[in-house]
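[1] next comes the sequence, and after it the predicted model I'd like to discuss.
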Amino acid sequence: MLELILTAPVVVASWISLQHYGSVVAPEAFGGGNKLLHNATGGVGMVEGNVGTLRTGLPWQSVHDGEGLAHEPLRLSVLVAAPRGAIETILQRHPGLRALFGNRWMHLLALEEPGQAARDAGDAGWHPPQPIG
């Protein structure tokens, strides 16, 4: 069950989170531009106006309300109530998932003890458990 959760909903959540994150922190590179000028193109993105670069991110109006950002751009934190060894076994079987955490696109925390979380440090192992709350 843990493997299914880490390889399905966590991956989908990463897509959503990273699309929001990229559309806010680098809108010219990863955002969708102005939705008022959008023309759907090939079912994979938008073009502003009748020509231009294919934009696959979120339109600015989806991440900004005209006065400020709709959400603070944060990288997704995944908290898993499971032993670190079990989590590590799954990450070794799924290098793409390991890369999301190892390259710091998302943060992975293991909740093994009540009120304590150990943070994944990628190839460096795990940071010791720290109090949470």
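    Now that the structure is in, tell me what you want to look at.
[2] what about the helices in the chain?
    2-7, 9-25, 27-30, 60-63, 84-93, 95-102 (DSSP state H).
[3] residue 73 is nearest to which of those helices?
    Each of the helices of the chain has some distance to residue 73 by Cβ to Cβ; the shortest is helix 9-25, at 4.2 Å. All C-beta atoms are positioned from the backbone trio N, CA, C, and that covers glycine.
[4] which one is the residue lying farthest from the centre of the chain nearest to, not counting chain neighbours?
    Relative to the centre of the chain, the most outlying C-alpha is that of residue 50, 31.0 Å out, by Cα atoms, centre = their mean. Residue nearest to residue 50 in three dimensions, not counting chain neighbours: residue 39, with 6.6 Å by Cβ to Cβ, 6 or more residues apart in numbering.
[5] what's the local residue count around residue 62?
    Residues lying near residue 62 (other Cβ atoms under 10 Å) number 16.
[6] may I have stretch 31-47 as PDB, with CA atoms only?
    Taking C-alpha atoms only, stretch 31-47 is exported to PDB below (Å, rounded to 0.1, in the frame of the first residue of the first chain):
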ATOM      1  CA  GLY A  31       3.800  30.000 -16.800                       C
ATOM      2  CA  GLY A  32       0.900  30.100 -19.300                       C
ATOM      3  CA  GLY A  33       0.900  33.800 -19.800                       C
ATOM      4  CA  ASN A  34      -2.300  35.800 -20.100                       C
ATOM      5  CA  LYS A  35      -5.400  33.600 -20.400                       C
ATOM      6  CA  LEU A  36      -7.400  36.300 -22.200                       C
ATOM      7  CA  LEU A  37      -5.100  35.800 -25.200                       C
ATOM      8  CA  HIS A  38      -4.900  32.000 -25.100                       C
ATOM      9  CA  ASN A  39      -5.400  29.700 -28.100                       C
ATOM     10  CA  ALA A  40      -5.400  26.000 -27.300                       C
ATOM     11  CA  THR A  41      -2.700  24.300 -29.400                       C
ATOM     12  CA  GLY A  42      -2.500  20.600 -30.000                       C
ATOM     13  CA  GLY A  43      -4.100  19.700 -26.700                       C
ATOM     14  CA  VAL A  44      -0.700  20.200 -24.900                       C
ATOM     15  CA  GLY A  45      -0.600  23.900 -24.200                       C
ATOM     16  CA  MET A  46      -1.500  27.400 -25.100                       C
ATOM     17  CA  VAL A  47      -0.200  30.100 -27.400                       C
END
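[7] right, I'll leave it there.
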